[in-house]
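Colleague: Please work out how this folds:
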Amino acid sequence: MALLDILTYPDKFLKKTAKPVVNIDGALQKTIDDMIETMYNAPGIGLASIQIGCDKSVLVYDPSYDQDRNSLTVLLNPKIIEACGETVSENEGCLSVLDFRSDVKRSASLIIEALDREGKPVKIEAEEYLAIVLQHEIDHLNGILFIDRISALKRELYKRHIKKKLKQDEK
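Modeller: Next up, the predicted model:
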């Protein structure tokens, strides 16, 4: 397994929309294994393929990452088919949006349809924390960052901070 580079804002690839997985082959399985290793190493609780420069619709997540790593899930072509209620994801962060956290409005519960890594259909009913994690990762597959879901003022302040940091790094 290999650790992959995680793309960070303002990398334009993060705005891409993932293409559906049509061929589950050895190369895709290796990418999935590398994504899992990269997510745990980061450390993170989820990682979408777009974040590592792959435009296939794949995400991995494990909400128990800091405990026993027994909740690892791989989803191919995940789609939200139902979303209900509203909640605020407090202090949400992202491996691709460095040094920034914010409250984000999200759906409180979801039903998702996807394929597992072998191509078998799965249906997930998620609430609360898991619903937030899944929305965040599925957003990545649709070219949406969590900063796209916060106020324009907070987003602009973050963008200015990053531009300033990038200019300093160039020196």
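
Colleague: Point out the other helices and strands that the longest helix anywhere in the chain packs with.
Modeller: Criterion DSSP state H: the longest helix present in the chain is helix 152-170. With contacts taken as 3 or more CB pairs under 8 Å, 6 or more residues apart in numbering; DSSP states H and E, helix 152-170 sits against strand 97-106. For every residue, glycine as well, the C-beta is placed using N, CA and C.

Colleague: next helix or strand past the strand it packs on?
Modeller: On the C-terminal side of strand 97-106, the closest following helix or strand by DSSP states H and E is strand 109-115.

Colleague: So which residues of this structure form helices?
Modeller: 26-41, 128-141, 152-170.

Colleague: Go through the ones you listed and pick out the most buried.
Modeller: helix 128-141 (a mean of 21; mean count of other CB atoms under 10 Å).

Colleague: still on that earlier bit, and I50, which of the helices of the chain is closest to it?
Modeller: With CB to CB as the measure, helix 128-141 is the member of the helices of the chain nearest I50 (4.9 Å).

Colleague: Could you pull up the residues touching E113?
Modeller: 78-79, 81, 121-123 (CB atoms under 8 Å, 6 or more residues apart in numbering).

Colleague: So in terms of bridging, what pairs with it?
Modeller: Taking DSSP bridges as the rule, E113 bridges to K79, K123.

Colleague: Can you pull out the low-pLDDT segments for the protein?
Modeller: Applying pLDDT under 70 to the chain flags residues 65-69.

Colleague: In it, which residue is most central in space?
Modeller: With distances taken as CA atoms, centre = their mean, E137 lies nearest the centre of the chain, 2.9 Å away.

Colleague: Look up how far D25 lies from it.
Modeller: 22 Å (CB to CB, to the nearest Å).

Colleague: ok so, going back, may I see the contacts of E113 organised as a markdown table, with distance to I32 and neighbour count added?
Modeller: Below are those laid out as a markdown table (distance: CB to CB, whole Å; neighbours: other CB atoms under 10 Å):
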| residue | distance to I32 | neighbour count |
| --- | --- | --- |
| P78 | 14 | 22 |
| K79 | 18 | 13 |
| I81 | 23 | 10 |
| P121 | 17 | 9 |
| V122 | 15 | 14 |
| K123 | 20 | 9 |
